[in-house]
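1. no sequence on this one, just coordinates:
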């Protein structure tokens, strides 16, 4: 196959391009801006476009298909040329389904925890010697790429994002995968630019359940009130497997999982991570992995990239970074660190970076989320607000939304660095949370 990627530089897109190249397909692509690490990885494999920009002459009748990324616009000149020539156009998730339609498909969905659960499943399957294809939303330790496609694997694991499919297909991505086994980790309203009401957002998950194949399996978190309702009603042909937080104890800063098969020390911690692990266990059971084999394998799991990722540990100073941005995840992450380090000063720093978090009307959803921190700091960037074409917000609006008069708010990254640099370095744990990068802040310099 000769496949052309429009917007090849995206995190997901460039990984799919690499996976198809490794599979033996001919891959070309275009983009108007490509950053690291995509740029270096594409260059290494000879897939980097020679010039940035859109070139309709690259679209020709010899192409078998075009794969369209979310970064492209509906009036993209290469897209218009592909339509003119009648070339098949796939979105990223459409093409993934095309590659996996004859395999057993496992889709991990939910407002939070998707990447971690997918990473846990892949870690355990690898340890158990079970071959699978996959698509995951972060670079994982022990895996070269975020997408693997092969002819041999009989199973494919998808991280199921509820965001839109492409500029010309406004369905949520996870509606396209039609799982045989589905997992839902929780529902907490997000992406308000696309799903303007909570009810509209919940409906996307209800529809996802409807799209599970006949006599399929639904694994779900039974501690989530929304899932308790939508996962127990409706279809009668599904096998339903609810999960909750397993029994555990913390000794000397290490979380130990308590099971009928014994006690297992973990390298991860936090109630939300343990719930994620229990969901991953039930999925692995469906793929032939026993509980004992799962527990033995999960003890070496260190976490997914940017998910409570340990940056530094020196004496009684520890720093983590986390992808947390939605209110429920911010609260869960802070509570996890507080439980793990009860005697330490907890410095929690959150960057507001997403469309939802930078919208004044959504700020009240963050009420009480940072109350467990001893020092609570929020950073936002006015340029990010302008790029999203949102009305400006103020520090007072943020404090009011978070319901925390002691909240420290910064809109200048240099002043934020000065403040962080002046904080204690002993008996303290720093937690840096963002789906962005704090305006390029180098955490190692702290």
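-> Nice, I can see it. Computed from a prediction, not measured in an experiment: that's the story for all the values here.
2. just checking, what packs against the helix or strand hosting residue 284?
-> Assigning secondary structure by DSSP states H and E places residue 284 in helix 271-286. Helix 271-286 is packed against strand 104-109, helix 114-128, strand 181-184, strand 217-221, strand 239-243, strand 254-259, helix 291-298, helix 327-340, with contacts defined by 3 or more C-beta pairs under 8 Å, 6 or more residues apart in numbering; DSSP states H and E. Bear in mind the C-beta positions are built from the backbone N, C-alpha and C, glycine included.
3. wait, which of those is closest to residue 55?
-> Relative to residue 55, the nearest member of the helices and strands packed on helix 271-286 by C-beta to C-beta is helix 114-128, separated by 33.8 Å.
4. what residues does the closest one touch?
-> 106, 108, 110, 132, 134, 136-138, 140, 142-143, 157-161, 183, 185, 273, 276-277, 279-280, 283-284, 287-289, 293-294, 296-298, 300-301, 303-304, 307, 323 (C-beta atoms under 8 Å, 6 or more residues apart in numbering).
5. Restricted to buried residues, select these in PyMOL.
-> In PyMOL syntax, the buried subset of the contacts of helix 114-128 is picked out as below (16 or more other C-beta atoms under 10 Å):
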select buried, resi 106+108+110+132+134+136+137+138+140+143+157+158+159+160+161+183+185+273+276+277+279+280+283+284+287+289+293+294+296+297+298+301+303+304+307+323
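6. that older thread, for the helices and strands packed on helix 271-286, give me TSV that also has distance to residue 388 and mean pLDDT.
-> Below are those laid out as TSV (distance: least, C-beta to C-beta, whole Å; pLDDT from 0 to 100):
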stretch	distance to residue 388	mean pLDDT
strand 104-109	25	98
helix 114-128	23	95
strand 181-184	28	98
strand 217-221	30	98
strand 239-243	36	98
strand 254-259	38	95
helix 291-298	38	98
helix 327-340	18	91
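7. Turn these into JSON lines, columns for distance to residue 64.
-> Formatted as JSON lines, the helices and strands packed on helix 271-286 follow (distance: least, C-beta to C-beta, whole Å):
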{"stretch": "strand 104-109", "distance to residue 64": "23"}
{"stretch": "helix 114-128", "distance to residue 64": "29"}
{"stretch": "strand 181-184", "distance to residue 64": "31"}
{"stretch": "strand 217-221", "distance to residue 64": "34"}
{"stretch": "strand 239-243", "distance to residue 64": "38"}
{"stretch": "strand 254-259", "distance to residue 64": "48"}
{"stretch": "helix 291-298", "distance to residue 64": "39"}
{"stretch": "helix 327-340", "distance to residue 64": "40"}
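8. which residues touch the closest residue to residue 434 other than its chain neighbours?
-> Nearest non-adjacent residue to residue 434, counting by C-beta to C-beta, 6 or more residues apart in numbering: residue 351, 3.5 Å away. Contacts for residue 351 (C-beta under 8 Å, 6+ apart) come out as 325, 378-381, 433-436, 438.
9. Which of those fall within strands?
-> Among the contacts of residue 351, the members falling in strands (DSSP state E) are 378-380, 433.
10. Domain parsing of the chain, as residue ranges.
-> Using automatic domain parsing, the domain ranges for the chain come out as 2-87, 96-298, 309-445.
11. Identify the residue spatially nearest to residue 255, adjacent ones excluded.
-> residue 269 (4.3 Å).
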